[in-house]
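K.L.:
Take a look and give me a structure for this.
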Amino acid sequence: MSIRKGHVRMAALSFFAIDELDMAASLRMTLTGHRVLAELIFWSITLVLLLEDDVAMLAMMLT
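P.N.:
Down below sits the predicted model:
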């Protein structure tokens with residue numbers, strides 16, 4: 001059984017195509033992680049600012 005040049009070329013192209021798809025999937029996962037982190041930070045800051053206002057109002061009412 002011998003390996004022809006076409007088979008080697010096809011195998012190499014398949015490897016690079018799979019490698020490129022894997023890199024694209026990895027990039028999407030990274031970007032998704034960054035988006036989730038950004039949303040978490042945004043909502044955390046929003047919640048802290050809302051609670052700060054409520055705490056200040058309660059402090060004024062109790063004093």
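
K.L.:
mind listing the helices in this protein by residue range?
P.N.:
Listed in chain order, the helices of the chain (DSSP state H) span 5-62.

K.L.:
which regions of this structure lie under the pLDDT threshold?
P.N.:
For the chain, applying pLDDT under 70 flags the ranges 1-24.

K.L.:
make it 80
P.N.:
Applying pLDDT under 80 to the chain picks out residues 1-31.

K.L.:
Run a quick neighbour tally on Arg28.
P.N.:
10 (other Cβ atoms under 10 Å). To be clear about C-beta, it is placed using only N, CA and C from the backbone, and glycine gets the same treatment.

K.L.:
Apologies, that question was intended for Val55.
P.N.:
Neighbour number of Val55 under other Cβ under 10 Å is 10.

K.L.:
again, but for Thr32
P.N.:
Thr32 - counted by other Cβ under 10 Å - has 10 other residues nearby.

K.L.:
What's the separation between it and Glu39?
P.N.:
As defined by Cβ to Cβ, to the nearest Å, Thr32 lies at a distance of 11 Å from Glu39.

K.L.:
what's the answer for Leu27, then?
P.N.:
When distance is defined by Cβ to Cβ, Leu27 is 19 Å away from Glu39.

K.L.:
Likewise for Val48?
P.N.:
Distance, Val48 to Glu39, by Cβ to Cβ: 15 Å.

K.L.:
and what of Leu49?
P.N.:
16 Å.
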